[in-house]
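S.K.: Got a predicted model here, sequence first, then my questions.
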Amino acid sequence: MSANTALAIVILAAGQGTRMKSRHAKVLHRLGGRPLVCHVLESCRGLAAKRTVVVVGHQADAVEAACKGYGAEFALQREQRGTGHAAMAARDAALAGFRGDVVILYGDVPLLTEPTLRRLLGRHRDTGSTVSLLTTVVDEPFGYGRIVRDGAGRLERIVEQRDASEAERAITEVNPGIYCVKSEFLFPTLDRLRPTNDQGELYLTDVVGLAVCEGLPVATEPVDPHEVAGINSRADLAALEETLRRVLVRRHMDAGVTFLDPGTAWIEADVTIGADTTVGPMVQIRGKTRIGSDCQIDGNAFLVDAEVADRVHLRSNVVLSECSVAEGSIIGPFSHLRPGADLGPDVHVGNFVEVKKSTIGANTKANHLAYIGDATIGRDTNIGAGTITCNYDGFAKHRTTIGDRVQIGSDSQLVAPVEIGDDAYVATGTTVRHDVEPGALAFNPKPDQRRPGWVEGFRQRRAKKKA
Ligand code: UD1
Ligand code: CA
């Protein structure tokens with residue numbers, strides 16, 4: 001058997017996952033921000049399989065949608081009559097004409113890695129085995145299929161928890177559910193499976209026993225139990241989240257990212273972070289967030305689907321979602337960049353500033369207490385403390401356009417739609433209702449008056465009233 005043998009991957013993902021007590025299909029539950037089934041697809045991405053078939057059933061449409069982008073085909077298993085029955089669905093819907101090795105994976109075993117799959121394939125091909133599978137030894141085997149071996153240590157069969165004898169239940173070597181089988185054995189053998197077990201299902205695991213009965217070569221390859229832990233309950237999900245979090249943080253550290261407090265960093269699976277970036281305590285980086293090199297994230301930050309370029313400093317307590325920040329910018333403390341905030345290089349956004357659906361040009365500053373929504377702001381402009389873009393009139397949103405080198409005085413309201421030209425100067429406390437031409441001063445005449453000695457009289461009038 002050569003390494004040129006064609007490879008097909010089958011991922012079983014049709015089950016409901018009764019033990020999750022959920023309205024959602026089990027494989028759609030998220031781990032590290034990514035649906036379980038996508039972890040499995042990700043682990044075999046690099047194997048360059050000729051075909052990848054996901055067996056769907058429960059919430060088939062939603063599962064198919066989650067698998068988009070991996071080049072997988074789908075086989076519908078209308079009724080879930082067991083893992084062997086699911087493999088039949090893949091065969092009948094997609095693989096009938098396929099010849100080669102079939103790797104079968106379960107959609108609820110998400111931490112499997114590509115090197116382990118390569119090891120299994122290597123063992124399978126080097127030994128010329130008909131069936132090869134991973135096995136692992138766990139302290140608490142409850143729920144797993146047990147690997148039953150004979151006196152000489154040769155694999156005999158796999159027995160499920162509920163079908164196992166007392167003695168078999170004591171076995172700690174278990175079946176993680178990851179197999180490689182020659183198609184010419186697998187496809188006809190699936191038709192020989194019988195539901196003679198406690199659940200009345202067709203068990204894929206019986207394919208292993210049938211190969212042994214026929215004296216065909218069966219190989220096993222050991223694997224670290226943490227890597228093949230399956231998810232059957234919410235508690236399993238939480239336990240694996242913990243494991244995955246450590247794995248992901250470690251991976252970023254190995255790639256040159258500093259974590260000041262690795263235990264409190266929450267980095268989801270699809271996040272990228274450049275080298276020499278420092279991540280402080282209590283930082284959550286979620287979704288498809290991308291962070292550049294040499295950035296500093298002080299702490300208490302929440303980022304989701306954000307694009308952060310190189311040399312950006314995120315001070316403490318910032319929230320960024322679906323936004324982008326160009327190189328050298330400084331954000332925070334206490335800033336909120338909402339969807340559509342697009343910040344140029346060397347921008348400063350500071351304390352209690354909220355930005356939504358707005359473009360901000362290079363070197364512009366909004367350092368204190370501002371709301372910038374639906375605005376286009378040029379470069380080298382200063383947005384004073386307390387500036388508000390009044391973008392909503394109760395019916396529709398309107399845009400504010402501000403040019404380059406503009407000075408917006410503190411506590412100004414810009415009533416959209418409104419345009420403020422380059423080099424304009426809006427005086428402190430101005431309500432701007434009409435466009436300001438380039439280079440002009442805009443102000444609202446407000447009398448600035450004094451009444452000398454007024455306080456004393458006021459206090460006396462008050463005191464009299466109280467008495
Ligand atoms: C299975 C194995 C068990 C192994 C364990 C590892 C069998 C008979 N048992 O048990 O030996 O130790 O996984 O996690 O294979 N599925 C379908 N269609 C079905 C049934 C299941 O697509 O009709 C899918 C599920 O969506 C799931 C996977 O197959 O992703 C495993 O099914 P599950 O019911 O969780 O099997 P276990 O009881 O855990
Ligand atoms: Ca399972």
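M.R.: In hand now; what should we look at? Ligands and ions are numbered 1, 2, ... in the order given.

S.K.: Pro262 is in contact with Gly280, correct?
M.R.: No: the pair Gly280 and Pro262 does not pass the contact test of Cβ atoms under 8 Å, sitting 11.1 Å apart. All C-beta atoms are positioned from the backbone trio N, CA, C, and that covers glycine.

S.K.: So between the two, which is more surrounded?
M.R.: Comparing Gly280 with Pro262 by other Cβ atoms under 10 Å, the one with more neighbours is Gly280, at 20 against 16.

S.K.: State the phi and psi torsions of the more buried one.
M.R.: With angles defined as degrees, to the nearest 10, Gly280 sits at phi -80, psi -170.

S.K.: what about it, distance to ligand 2?
M.R.: Gly280 is 38 Å from ligand 2, where distance means Cβ to the ion, to the nearest Å.

S.K.: what residues does this protein put near ligand 1?
M.R.: Contact residues, the chain versus ligand 1 (Cβ under 6 Å from any ligand atom): 12-15, 27, 55, 77, 80-83, 85-86, 106-109, 144-145, 158, 160, 174-177, 203-205, 230, 232.

S.K.: Give me the subset of the residues you listed that also touch ligand 2.
M.R.: When contact is defined as Cβ under 5 Å from the ion, the residues of the chain next to ligand 1 meet ligand 2 at Asp108, Gly230, Asn232.

S.K.: Please identify which of these is nearest to ligand 1.
M.R.: For those, the residue nearest ligand 1 by Cβ to the nearest ligand atom is Gly230; the value is 3.2 Å.

S.K.: Neighbours of that closest one, how many?
M.R.: 19.

S.K.: Could you find the closest non-adjacent residue to it?
M.R.: Of all residues not flanking Gly230 in the chain, Val109 sits nearest, at 4.8 Å (Cβ to Cβ, 6 or more residues apart in numbering).

S.K.: residues contacting the one you found?
M.R.: Val40, Pro176, Gly177, Ile178, Val228, Ala229, Gly230, Ile231 (Cβ atoms under 8 Å, 6 or more residues apart in numbering).

S.K.: Spatially, which two of the residues you listed are the most separated?
M.R.: Greatest spatial distance among the contacts of Val109 (Cβ to Cβ): Ile178 and Ile231, at 14.4 Å.

S.K.: quick one: low-confidence parts of this structure?
M.R.: 1-3 (pLDDT under 70).

S.K.: what's the longest helix in this protein?
M.R.: In the chain, assigned by DSSP state H, the helix with the most residues is helix 234-254.

S.K.: After that one, which helix or strand is next? Please name it.
M.R.: Downstream of helix 234-254, the next assigned helix or strand under DSSP states H and E is strand 258-259.

S.K.: Packing partners of that next one?
M.R.: helix 234-254, strand 278-279 (3 or more Cβ pairs under 8 Å, 6 or more residues apart in numbering; DSSP states H and E).

S.K.: got the ones you listed as JSON lines, with distance to Asp270 and mean neighbour count columns?
M.R.: Putting the helices and strands packed on strand 258-259 into JSON lines (distance: least, Cβ to Cβ, whole Å; neighbours: other Cβ atoms under 10 Å) gives the following:
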{"stretch": "helix 234-254", "distance to Asp270": "10", "mean neighbour count": "15"}
{"stretch": "strand 278-279", "distance to Asp270": "16", "mean neighbour count": "21"}
